[in-house]
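**Student:** structure of the sequence below:
(one chain, ligands or ions: 1)
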Amino acid sequence: TGEFDGLVAIVTGGASGIGAAIVERLAADGASVAILDLNPSPDEDSATRLSVRANVADDASVRAAIEAVVARFGRLDIVVNNAGIGAQGTVESNDDDEWHRVFDINVVGMARVTRAALPHLRESPSAAIVNTASIAATAGLPQRALYTATKGAVLSLTRAMAADHLREGIRVNCVNPGTADTPWVGRLLDSAADPAAERAALEARQPHGRLVAATEVAGAVAYLASPRSGSTTGTSIAVDGGMQEL
Ligand code: NAD
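**Tutor:** Model (predicted):
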């Protein structure tokens, strides 16, 4: 028996990387889990697992996916707003269309998914929302103006949502991963001239000398989703090897 026995979770972006690790962790602890992803894995379907094609940038797609989850599992207790994309560049190099596109996925996507989920979360005795922000929210990384702005917005959105839904018994928190070992980072490394050397350099830049494991982020998400954190809302947990202290 696990601490999420009988509960239902959705994880956006759950088909890859950090999201996939969150899916496995919540499922291992007893939850029925639905993946909402642009690239779902149909072979994931089982009595306790559902994979739905959904685009968090499309309101109709999000609403249909959440209704499919509730039709299948009968309830919704945990929402992990994890889907997100990267963006490189400065305010000069990213044009308006790029700003709108990335904000629409990384920030408005969380509002959309939450809006569709709230009527169901209000029925849950232990409702929790966990958003994936990033160390980028506070780090001031070069060549990441747009991405860092979206993740800063996720931090403030998390606090605002926590305040709005406090008295409904819905907790809202976020995790701030450092550079994590996921397909996303793998793609960045693969685009380098010497991916192995680039990986070694990236690891050396981490305070603890290695990339963050997606399972470490998933552990923090599981804590924030569980009644063990029942007195915690509006906060963030850094899972970054100490990067925020540098
Ligand atoms: P990833 O690219 O491995 O996985 C992201 C998943 O999100 C993919 O399955 C993708 O299909 C899905 N997705 C993308 N756009 C979507 C959309 N519009 N609708 C639905 N699904 C969509 O990435 P990851 O590294 O696992 O990152 C996951 C989250 O963690 C993101 O929010 C990212 O900003 C954040 N994060 C990652 C790192 C890192 O170093 N990897 C660090 C800090 C924060």
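
**Student:** domain boundaries for this structure, per the record?
**Tutor:** Using automatic domain parsing, the domain parsing of the chain gives 8-177+213-239, 181-211.

**Student:** wait, which of these is closest to the ligand?
**Tutor:** domain 8-177+213-239 (2.2 Å; CB to the nearest ligand atom). To be clear about C-beta, it is placed using only N, CA and C from the backbone, and glycine gets the same treatment.

**Student:** end-to-end on the closest one?
**Tutor:** 25 Å (CA to CA, to the nearest Å).

**Student:** flag every residue of the protein that's near the ligand.
**Tutor:** Residues of the chain found near the ligand (CB under 6 Å from any ligand atom) are 12-13, 15-19, 37-39, 54-57, 82-85, 105, 132, 134, 177, 179-180, 182-185.

**Student:** save the domains of the chain as CSV, and put in mean neighbour count too.
**Tutor:** Below are the domains of the chain laid out as CSV (neighbours: other CB atoms under 10 Å):
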stretch, mean neighbour count
domain 8-177+213-239, 20
domain 181-211, 14
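
**Student:** would a markdown table of those domains with distance to Gly2 and mean pLDDT be doable?
**Tutor:** Listed next are the domains of the chain as a markdown table, based on distance: least, CB to CB, whole Å; pLDDT from 0 to 100:
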| stretch | distance to Gly2 | mean pLDDT |
| --- | --- | --- |
| domain 8-177+213-239 | 3 | 97 |
| domain 181-211 | 25 | 95 |
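
**Student:** out of the ones you listed, nearest to Glu245?
**Tutor:** Closest to Glu245 of these is domain 181-211 (CB to CB; 7.2 Å).

**Student:** kindly list the longest helix within the chain.
**Tutor:** The longest helix of the chain (DSSP state H) is helix 145-165.

**Student:** and the helix or strand that it is followed by, what does it pack onto?
**Tutor:** Remark: after helix 145-165, the chain's next helix or strand is strand 170-177, criterion DSSP states H and E. With contacts taken as 3 or more CB pairs under 8 Å, 6 or more residues apart in numbering; DSSP states H and E, strand 170-177 sits against strand 127-132, helix 145-165, helix 214-225, strand 236-239.

**Student:** fine by me, we can end here.
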